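>>> Fold the following and give me the result.
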Amino acid sequence: MAISLTDDEIGLLKQLKAAGEHGRTTRALNSDAALARLIKEGYVVARTAKVDLMLFYRLTDRGQQALADAITEE
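Residues are numbered from 1 along each chain as shown. Got it, this is the predicted structure:
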């Protein structure tokens, strides 16, 4: 079941979509609460970069669909 996304969460999904497969770091996203909710709901995943052990976040297929739905509703 899809959750109702806030404007901040939609903004994060847009940023992650623009970042592509490489994703973004938390410093670039700057919204811990919204990011945690998106991860919990399966819209975003975190992965660790092998070189410097930084966490990067990227959209899942579910997140891409939620973003597409949110843009359609605007």
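
>>> What segments of the protein are strands?
24-25, 44-48, 55-59 (DSSP state E).

>>> which one of those strands is the most hemmed in?
Burial of those is given as mean neighbour count (mean count of other CB atoms under 10 Å); strand 55-59 ranks first at a mean of 19. All C-beta atoms are positioned from the backbone trio N, CA, C, and that covers glycine.

>>> Direction included, what does that one pair up with?
strand 24-25 (antiparallel), strand 44-48 (antiparallel) (DSSP bridges).

>>> how far does the longest one sit from the chain's center?
Right, the one you point to is strand 44-48. Offset of strand 44-48 from its chain centre (CA atoms, centre = their mean, to the nearest Å): 9 Å.

>>> And the helices in the chain, which stretches?
With DSSP state H, the ranges of helices along the chain come out as 7-19, 26-29, 32-40, 61-73.

>>> could those helices go into TSV alongside mean pLDDT, mean neighbour count and distance to Ala49?
Listed next are the helices of the chain as TSV, based on pLDDT from 0 to 100; neighbours: other CB atoms under 10 Å; distance: least, CB to CB, whole Å:
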stretch	mean pLDDT	mean neighbour count	distance to Ala49
helix 7-19	90	17	13
helix 26-29	68	14	12
helix 32-40	88	16	17
helix 61-73	90	14	20
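
>>> how about the ones you listed in CSV, adding distance to Met54?
Formatted as CSV, these follow (distance: least, CB to CB, whole Å):
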stretch, distance to Met54
helix 7-19, 14
helix 26-29, 8
helix 32-40, 14
helix 61-73, 20
